[in-house]
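Undergrad: Make a model of this:
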Amino acid sequence: MAVNHFPSVMIITETRIGGDRATRICEDLPFDGFFVTDTIGYAEGLWLQWKKEKVDIFMLSSTEQEIHATVKLLLGDFNEVLSSEDKFGGRNINLNRALDFKECLDSCSLLDLGFSGPKFTWSNLRQVSDLILDRIDRCFANPSWRLLYPEASVTHLPRVFSDHCLVLLELSKAPPASINRPFCFQTMWLHHPGFLDVVREAWEHESILSSAIKLFTNKATLWNKTMFGNLFARKRRLLARINGT
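TA: Okay, here's the model as predicted:
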């Protein structure tokens with residue numbers, strides 16, 4: 001997670017490691033801010049790590065199972081599902097507990113941020129006949145936070161050495177990578193009287209074949225944008241006018 005996705009904040013749950021050993025491990029990770037909780041024997045344990053140049057986090061309180069900080073977001077393993085759609089296999093869900101969970105979220109005006117990727121975030125790692133899958137790891141935020149980060153998205157990543165999958169929260173979408181589209185000759189160019197001038201200018205200025213072809217493709221691409229523009233956008237606008245929309 002830290003190497004492939006470069007998060008500003010990373011939370012690791014059920015570490016089963018606390019004390020000085022947890023501190024030493026956190027010091028070797030690429031975060032200069034961290035907070036670890038104690039374990040209960042060889043169970044529980046939470047690590048909260050962050051990059052100080054990216055975010056400001058102030059600790060309020062903590063237990064072996066909870067960390068309260070000033071990040072205005074609620075996320076983690078809630079160990080509870082909201083509906084039968086969040087569960088595969090095993091016993092039926094406890095409707096009273098699910099309703100209590102939903103009532104708590106509604107009273108706090110919290111919105112589920114949704115997700116992409118695998119539907120379930122926890123597995124009992126058994127064979128298919130005894131397999132149980134749950135969606136118990138979630139991200140919630142209030143409406144004001146959602147308005148502040150309208151492009152925020154949650155992705156369920158593959159499980160790695162754990163019964164829980166990794167959950168990645170991104171506050172904004174990465175800019176699309178530029179794509180060098182291959183040159184495509186358009187037959188309609190042959191019917192335009194100005195196209196022969198484009199061809200002539202390219203071949204008259206270059207005597208080397210490869211250079212002439214490169215110059216022609218650049219000039220033809222620019223000429224096409226100037227003369228015809230975005231034909232797909234123009235087609236959509238014309239169809240919309242025809243349909244009266």
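
Undergrad: how close does the residue of the chain most remote from its centre sit to residue 197?
TA: Distance to the chain centre peaks in the chain at residue 204, reaching 50.7 Å (criterion: Cα atoms, centre = their mean). Residue 204 sits 10 Å away from residue 197, going by Cβ to Cβ, to the nearest Å. All C-beta spots, glycine's among them, are computed from the backbone N, C-alpha and C.

Undergrad: Check residue 11 too.
TA: For residue 11 relative to residue 197 (Cβ to Cβ), the value is 63 Å.

Undergrad: More neighbours: which of the two?
TA: residue 11 (18 against 12; other Cβ atoms under 10 Å).

Undergrad: can I assume that one sits in a strand?
TA: Yes: assessed with DSSP: H, G, I helix; E, B strand; the rest coil, residue 11 lies in a strand.

Undergrad: Okay, buried residues for the longest helix seen in the chain please.
TA: For the chain, the longest helix by residue count, based on DSSP state H, is helix 209-227. Neighbour counts over helix 209-227 (16 or more other Cβ atoms under 10 Å) mark 212, 215-216, 219-220, 223-224 as buried.

Undergrad: Same question for stretch 11-23.
TA: Quick answer for stretch 11-23 (16+ other Cβ under 10 Å): 11-13, 15, 17-18, 22.

Undergrad: possible to save those residues as CSV with distance to residue 233 and pLDDT?
TA: As requested, the buried residues of stretch 11-23 are exported to CSV (distance: Cβ to Cβ, whole Å; pLDDT from 0 to 100):
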residue, distance to residue 233, pLDDT
11, 44, 80
12, 47, 80
13, 47, 78
15, 52, 77
17, 56, 82
18, 58, 78
22, 56, 83
